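1. Okay, sequence plus prediction incoming.
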Amino acid sequence: MSDRDKDLNAVKEEDIFNEAKERLKICLDADDDNRNRARLDLKFREGDQWDHDVVTTASEESPEITINLTDSMVRRVVNNMKQQRPRGKCHPVGDGADVEIAQIINGIGRHIEYRSEASVAYDTAADMAVTCGVGYWRLVSEYVAENSFDQEIRILPIRNIFTVYMEPSAVMPSGQDATWAIISVKMLKDEYRRRYPKADMTDFSGEGARDKLTREWESKLEIRLAEYFRIYERLETLNLWRSTAGHEFTKFDSDKPSTDELKEMGNTLIESRKAMRKEVQWFKLNGLKVVDRRILPGQWIPIIRCEGNAVDIDGKIVRRGMVRAMEDAQRMVNYGEVAKIKRLGLTPKAPWIGAEGQFDGHPEWDDANMKAYSKLVYKPVIISGPMGGDQLLPPPMRQQPAQIEAGFSEFVQGMRTNLVALAGMPNEPQQTQNEAISGIALQRRDSLSDQSHFHYYDNQTLAIAQTWRILLDWIPHYYSDERMQRIIGEDGTPKLVQINAPDTADPAVKKIKNDLSVGRYDVVMDTGPGYETKREEGATNLINLLKIGPLAEMVVKTGADLIFRALDYPYMQELADRIMAANPEGMEKILSELPERAQAIVKSMSAQIQQMQQVIQQLQLENKFHMGKAQLEAQTKIHDTNTRAQTARDVEDIKAGASLIEKRFQHPNETTTGQQLLAVGEQPTGAGNGNASP
C-alpha cells in the first residue's frame, strides 16, 4: 500500500460497505427485469425454446423438437464482428506530445492486447451484447514476475455478465460516464483464509442473518467478495506554473513536489483556481469488512460495457439483443415441425389389400407393411364368375399411404421466412438449384444483411475506444520506470525499445528519452478488416502488379521483400528478411530494430566495408586503365611498324620506276621492253602471283 493509498484509511469500513450495499440495491431495482430477460435469452439461444404452457402447447405429451436456427444466426453476426475487429490508436494532441512517443504508446497498447489475448474479452462481450443486450470486460494490473516490481496491464473478459452491477444512470454505451460499479464473485472460504489471513470470517447463520440482501453475500462453503469501484471527487486548488525554461505546467496542491519546493527550483506561480479532482478508488469487500483497498490511476472506472440495443421507456432502460425478437418466430418453426411429425405419426402404414383366404398359412403378411421381405407368397383364390365360369383373383395390392397436406409445409416455410426477416437477414440465398449468382452479387447481398447489425459493431468500436483511453491513463503510471519494453508494430512485428531512460546525447541538459509521462494524447479508431485480411488482400494486389511490366520492375527493385512477406507460406518470412537486407531502405529498417550498441557495431562494420569497396573499385579502375594503356601502346607500335614497312615499299617502288625512266632515255631502242616494265611497276603492291613488290 502506497502513501497515497493510506489516505483511504480515514474512510470507515462500515460506511464503505453500507454505500456499496445501497448502490447494489439501486442497481438490482433498476435492472432486475433486464437481468431476468437476459437469462431467458441465453437459455433460449442454447435450445431451451419450449414454454410448456397448456394454452400454447397442443399436448403435454407432444415431442419437443428444437430446430435451433437462432443460434446459427446469432453466431453469424458475432463471427462477422470477429473478422472486422476495430483497432485503437493514439494521436498526439498537445502539452509536449510527440509522434514518435505516440507510436511507442501504440506499440505498448498492441503489446497489452497481444499478451492479454484481448480478442477473447472483446468477442465474449460482443457475443453477450448480440445475444442478450450487454457484455463487459475489464482492465487489471499485475506484476511481471514474483521477483519483480515492474507491472503490466492486462485486459480480462467477464464471462458472467450477471456479476457486474454498473450505475444505471450511465448513458454512454461504453459506460465511460459511470461513477461507480460493483463486480461480485464467490470464493471458497479456504481460499479466502489463504489470501486474507488477517481478515475476519463472517460465517453464514440463518437465524442471525440481518436481511435478505446481506444473506446474498454469504453461504456455508463460499463467501461472496465484491470489488467496489467509485469515483471520488474533491475540491482542490490547481496551480499554473512557469519553469525557468519558459514552459508552463499545472500542479494540484496535493501533488509532489510541493509549492515551496517548486518555488525553490525557480518556478514561477502564474495563476490558481479551484477544480474538482477525480480519484478512482477500489475496495474489496466481504460480508461486512473491507479486506483490501487501492487508488487507481486515471479518471475512469476500468470496467467497459459493450452494449446491444438500449431504449429508454418512461425513464427505465430496456436492454435486449437480437434473440428476443426472434423467439416467437423460432417457436412457431418448432411447433410446425412437431405438427408435421405428429401428422406423420397418425398416418397409417401403407396396408396390403387382398381377398379373404389369400393370406391363410402365410403369417408374414401380418407385418409386410413394416418389414422388408425378400418374397411374399400368397394363396391363390378362385371364385365363380357371374357367367358361371371360375375366375382367379389377382394378387394382393398395396394401398397408397395418406399424404401430408401442403398447408403444413407452407406453414413451416412461412415461419422460417419470418424468422430470417426478424433476424435482419432478409437477403439470404433462396435461389433454385440451377440459378447462377455472381460473386459481386453475393458480396452486395451479404452487405445488406450486415447493415441490419452494424450498431453492434459500432458499439463494440466505442467500447474498445474507451479501453484505449484508460490505457492512455494507465501506461504512464505502470510503465514509468526505465526499462526495455517490447512493442508491437502495426504489421505485427515486435521489437524492443528503451523507455524513460536519461538522454546522454547532451549531458548538460537533463532530458528523458521516450518519456511516456509527457504529452496529451487522444484515441482514434481504425475500423475495417483486420491485419490478416488486409495482408491477404495486399498479397493478391502485389501479385497482380507483377503482371504489369513497368510496375513489376519498380516493385522488384524497391520492395521485393514485401511481396514475400505478404505470402502466408513456410519460409517466406526468412526469404523476405534476406532480400530486405540487400535493399538500403530495408537495411536501415533492420538497423532501427537493433539495440544501440549493436547499431553502432553494424554501422562501423558497414563503413569499413564501404571503404574497402571504394578501394577495390579504385584498384579495378586503375588496373583497367593500365591494361588499356598497354594495349594502346602495343597497337601504336604495330601501326608504326606497318607504316614504316609500307613507306619502305613505296620508296623502293619509286626508286625502281625512276630507274626505268632513266634507262628509257638512255636506250631508246628498248622502248617496248621499258614500257612493259613501267606498266608492271605501276601495278598496286601485292598484285600478281606473289606478295613481293616487283
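-> Right, received. Where do you want to start?

2. ok, how many other residues are close to T558?
-> T558 has 13 neighbours, counted by other Cβ atoms under 10 Å. The way it works is simple: take the backbone N, C-alpha and C, and place the C-beta from them, glycine included.

3. Show me the contact partners of whichever strand or helix holds it.
-> Per DSSP states H and E: T558 is located in helix 549-566. The contact list for helix 549-566 (Cβ atoms under 8 Å, 6 or more residues apart in numbering) reads 535-536, 538-539, 542-543, 545-546, 572-573, 575-577, 579-580, 583, 585-586.

4. care to break this structure down by domain?
-> 353-399, 529-593, 599-681 (automatic domain parsing).

5. what about T647, distance to Q635?
-> T647 sits 18 Å away from Q635, going by Cβ to Cβ, to the nearest Å.

6. D292 too?
-> From D292 to Q635 the distance is 97 Å (Cβ to Cβ).

7. before we move on, what about A465?
-> 80 Å.

8. Comparing those two, which residue is more hemmed in?
-> Neighbours were counted for A465 and for Q635 using other Cβ under 10 Å; A465 has more, 19 against 10.

9. That one against V523, yeah?
-> Yes: contact status for A465 versus V523: in contact at 5.3 Å, counting by Cβ atoms under 8 Å.

10. Mutual contacts of the two, please.
-> G88.

11. Just give me the longest helix of this structure.
-> Across the chain, the helix with the greatest residue count (assigned by DSSP state H) is helix 596-666.

12. how about T250, secondary structure?
-> strand (DSSP: H, G, I helix; E, B strand; the rest coil).

13. Then the one 5 residues further on?
-> Using three-state DSSP, the three-state assignment for D255 comes out as coil.

14. and it, how many residues sit next to it?
-> Neighbour count for D255, taken as other Cβ under 10 Å: 14.

15. packing partners for the longest helix of the chain?
-> For helix 596-666, the elements it packs on are helix 584-592, helix 671-681, judged by 3 or more Cβ pairs under 8 Å, 6 or more residues apart in numbering; DSSP states H and E.

16. Hmm, P380 and L392 touching each other?
-> Yes: between L392 and P380 a contact is recorded at 6.1 Å, counting by Cβ under 8 Å.

17. wait, isn't P502 in contact with N514?
-> No: taking contacts as Cβ under 8 Å, P502 lies outside contact range of N514: 10.8 Å.

18. Neighbour count for these two, which is higher?
-> N514 (18 against 11).

19. need the contact list for the closest residue to that one other than its chain neighbours.
-> Spatial nearest neighbour of N514, chain neighbours left out: I499 (4.5 Å); criterion: Cβ to Cβ, 6 or more residues apart in numbering. For I499, the contact set (Cβ under 8 Å, 6+ apart) comprises 104, 479, 482-483, 485, 513-516.

20. buried subset of the residues you listed?
-> Among these, the ones that count as buried by 16 or more other Cβ atoms under 10 Å are 104, 479, 485, 514-516.

21. These in strands, which ones?
-> When the buried ones among the contacts of I499 are checked against strands (DSSP state E), the matches are Q485.

22. Widest-spaced pair of the buried ones among the contacts of I499?
-> Q485 and D515 (12.8 Å; Cβ to Cβ).

23. Check the average confidence over the top strand by length along the chain, would you?
-> Secondary structure of the chain per DSSP E: the longest strand is strand 222-242. Taken as a whole, strand 222-242 has an average pLDDT of 87.

24. Run through the neighbouring helices and strands of it.
-> helix 13-45, strand 180-188, helix 189-195, strand 248-252, strand 268-285.

25. Alpha carbons of it, as CSV, please.
-> This file holds the C-alpha atoms of strand 222-242, laid out as CSV (Å, rounded to 0.1, in the frame of the first residue of the first chain):
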residue,chain,number,x,y,z
GLU,A,222,-18.4,-19.9,-0.1
ILE,A,223,-18.0,-16.3,0.7
ARG,A,224,-19.1,-13.6,-1.7
LEU,A,225,-16.5,-11.0,-2.4
ALA,A,226,-17.2,-7.7,-4.1
GLU,A,227,-14.9,-5.3,-6.0
TYR,A,228,-16.4,-1.9,-5.5
PHE,A,229,-15.2,0.9,-7.7
ARG,A,230,-16.2,4.5,-7.2
ILE,A,231,-15.0,7.9,-8.5
TYR,A,232,-14.4,10.2,-5.6
GLU,A,233,-14.3,14.0,-6.3
ARG,A,234,-12.8,16.5,-4.0
LEU,A,235,-12.2,20.2,-4.4
GLU,A,236,-8.6,21.3,-4.7
THR,A,237,-6.5,24.2,-5.9
LEU,A,238,-5.0,23.9,-9.3
ASN,A,239,-1.9,26.0,-9.9
LEU,A,240,-0.4,27.1,-13.2
TRP,A,241,3.5,27.3,-13.1
ARG,A,242,6.1,28.6,-15.5
